[in-house]
Structure formats: C-alpha cells, structure tokens
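**Student:** Give me coordinates for this.
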Amino acid sequence: MRVWPALLALTLSACLTPVGMTEVAELAGPWRGRIAGPRGNAAAQMTVDEAGRYTGTMFLDAGDRPFHGQLTVVRPGEVRYQGTDGSGAARLYRQDGRATLRFRGDDGVLDGVFTR
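**Tutor:** All right, here's what the predicted structure looks like:
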C-alpha cells in the first residue's frame with residue numbers, strides 16, 4: 001500500500017508543470033482523484049469553494065468517509081491545507097491543459113492527487 005504513493009509521486013514529478021497561483025479561488029470547483037491516508041487508499045472526490053474551503057468523500061470498502069478542510073495561499077505558488085486528517089502543503093500543476101492538485105502531509109507522506 002505504501003508503494004503506490006511513492007510511484008505516483010515519481011510519475012507526477014516527471015511530467016507536470018507547477019503553477020505559481022496567487023489566489024485560492026483558482027482552485028474553486030469539483031475535483032476527482034485518490035487519497036492515501038491513515039484509513040487507507042481510495043478514490044475520492046471533493047469540491048473547493050472560492051474561499052478555499054473544501055469538502056469531499058473518500059470511497060472506502062468499509063463505507064464512504066467524508067472529509068473537509070481549508071486551503072490557504074501563503075505566497076505565490078505555495079498553498080497550505082488544514083483538514084480532517086491533518087495539515088500540509090498543496091501544489092497546483094498543469095499538463096496538456098489539465099489541472100492536477102497534489103496534497104502532501106507535513107509528515108512527508110503523499111496524501112492525495114486530484115484532477116479536474
């Protein structure tokens with residue numbers, strides 16, 4: 001289970017271009033992806049509002065689990081999050097016109113990867 005996040009991180013870092021966003025509103029809208037966290041590794045969806053608040057659902061075999069939190073731009077290109085399962089950094093990337101939002105917990109573990 002711990003291999004998946006490392007492989008995904010390596011793949012993403014090789015082909016995505018970081019975006020130097022300045023406002024959290026740039027993240028507003030629906031996102032779909034995966035979360036690897038304390039409760040498992042599963043598909044997930046979330047919605048970010050204009051103020052950076054996010055809510056979502058992680059689809060686990062044992063049942064769906066809601067999550068929520070807040071995204072904040074601390075300086076251009078650097079985003080922090082505080083949420084249900086902790087805090088960390090988030091980064092927006094683009095490739096071929098597609099946006100990817102990547103979360104990494106303060107403990108260094110890749111927490112989630114979402115695309116629009």
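
**Student:** mind checking which helix or strand residue 89 is in?
**Tutor:** strand 86-95 (DSSP states H and E).

**Student:** Listing partners with orientation, what would you give for the lengthiest strand in the chain?
**Tutor:** Scanning the chain for the longest strand, with DSSP state E as the assignment, gives strand 63-75. Strands that pair with strand 63-75, judged by DSSP bridges, come out as strand 53-60 (antiparallel), strand 78-83 (antiparallel).

**Student:** Residue 22: what's its closest spatial neighbour, skipping adjacent residues?
**Tutor:** The spatially closest residue to residue 22, leaving aside those adjacent along the chain, is residue 76, at 5.0 Å (CB to CB, 6 or more residues apart in numbering). Bear in mind the C-beta positions are built from the backbone N, C-alpha and C, glycine included.

**Student:** now the one you found: how far from residue 29?
**Tutor:** 20 Å (CB to CB, to the nearest Å).

**Student:** Residue 89 too?
**Tutor:** Relative to residue 29, and taking CB to CB, residue 89 is found at 20 Å.

**Student:** Return the set of buried residues in stretch 27-36.
**Tutor:** Under the neighbour-count criterion of 16 or more other CB atoms under 10 Å, stretch 27-36 has 27, 28, 31, 33, 34, 35, 36 buried.

**Student:** Among those, which lie within strands?
**Tutor:** Secondary structure from DSSP E places 31, 33, 34, 35, 36 of the buried residues of stretch 27-36 in strands.

**Student:** right, and out of the residues you listed, which lies closest to residue 112?
**Tutor:** Nearest to residue 112 among these is residue 35, at 4.2 Å by CB to CB.

**Student:** Please work out which helix or strand belonging to this structure has the smallest mean pLDDT.
**Tutor:** When the helices and strands of the chain are scored by mean pLDDT, DSSP states H and E, helix 3-15 comes last with a mean of 53.

**Student:** So what sits opposite the residue lying closest to residue 89 once chain neighbours are set aside in the bridge?
**Tutor:** Spatial nearest neighbour of residue 89, excluding adjacent residues (CB to CB, 6+ apart): residue 104 at 5.3 Å. Taking DSSP bridges as the rule, residue 104 bridges to residue 89, residue 110.
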